[in-house]
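In: sequence and predicted model, in that order:
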Amino acid sequence: MVVGEHQVAFVNTQIGSDTPDWRRLVNHRYSEQRIVAGDPLYALGDFTTHGGVDPSIDRPGEIAALLRIWKKDRKQLLQRFDENKDGEIDLKEWEQAGQAAEIAVEESDK
């Protein structure tokens, strides 16, 4: 639902020193539409989500925080995720730790 739509045209506008910058554009037509809460919005481009609908939920941040906590206890981290028992967490094992942290965060939100 569009609440308001405005067609604005500036043709041969007199430009003076007191004219706002946006009105100095001449021979152009602009169309404006108001976007009201609840209206669908489509955007094209390369976007990154930094949060969700509820700004108090930051799932990637919570997962990262949990992984930082787990990294502080290296002995338990190795015991839990070092499958090949080489004393190091390799990329595959770290990805498994990340998946475990994601599951833990999701379960804590229930």
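Out: Sure thing, it's come through. Residues are numbered from 1 along each chain as shown.
In: what does stretch 78-85 contact?
Out: Stretch 78-85 is contacted from outside by 70, 87-90, 93-94, 96-97, 100, using Cβ atoms under 8 Å, 6 or more residues apart in numbering. Glycine gets a C-beta too; all of them are placed from N, C-alpha and C.
In: quote the end-to-end distance of it.
Out: Taking Cα to Cα, to the nearest Å, stretch 78-85 runs 8 Å from one end to the other.
In: model confidence over it, on average?
Out: When pLDDT is averaged over stretch 78-85, the result is 95.
In: all strands of the chain, in order?
Out: In the chain, the strands defined using DSSP state E lie at 5-10, 28-33.
In: which one of those has the lowest average pLDDT?
Out: Lowest mean pLDDT of those: strand 5-10, a mean of 45.
In: send the alpha carbons of the longest helix along the chain over as CSV?
Out: Secondary structure of the chain per DSSP state H: the longest helix is helix 91-109. The C-alpha coordinates for helix 91-109 follow below in CSV (Å, rounded to 0.1, in the frame of the first residue of the first chain):
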residue,chain,number,x,y,z
LEU,A,91,40.1,-27.1,9.8
LYS,A,92,37.6,-30.0,9.6
GLU,A,93,37.6,-30.3,13.4
TRP,A,94,37.1,-26.6,13.8
GLU,A,95,34.2,-26.6,11.4
GLN,A,96,32.6,-29.4,13.5
ALA,A,97,33.2,-27.2,16.6
GLY,A,98,31.5,-24.3,14.8
GLN,A,99,28.5,-26.6,14.0
ALA,A,100,28.3,-27.7,17.6
ALA,A,101,28.4,-24.1,18.8
GLU,A,102,25.6,-23.2,16.3
ILE,A,103,23.5,-26.1,17.6
ALA,A,104,24.1,-25.1,21.2
VAL,A,105,23.1,-21.5,20.5
GLU,A,106,19.9,-22.6,18.7
GLU,A,107,19.0,-24.9,21.6
SER,A,108,19.6,-22.1,24.2
ASP,A,109,17.1,-19.9,22.2
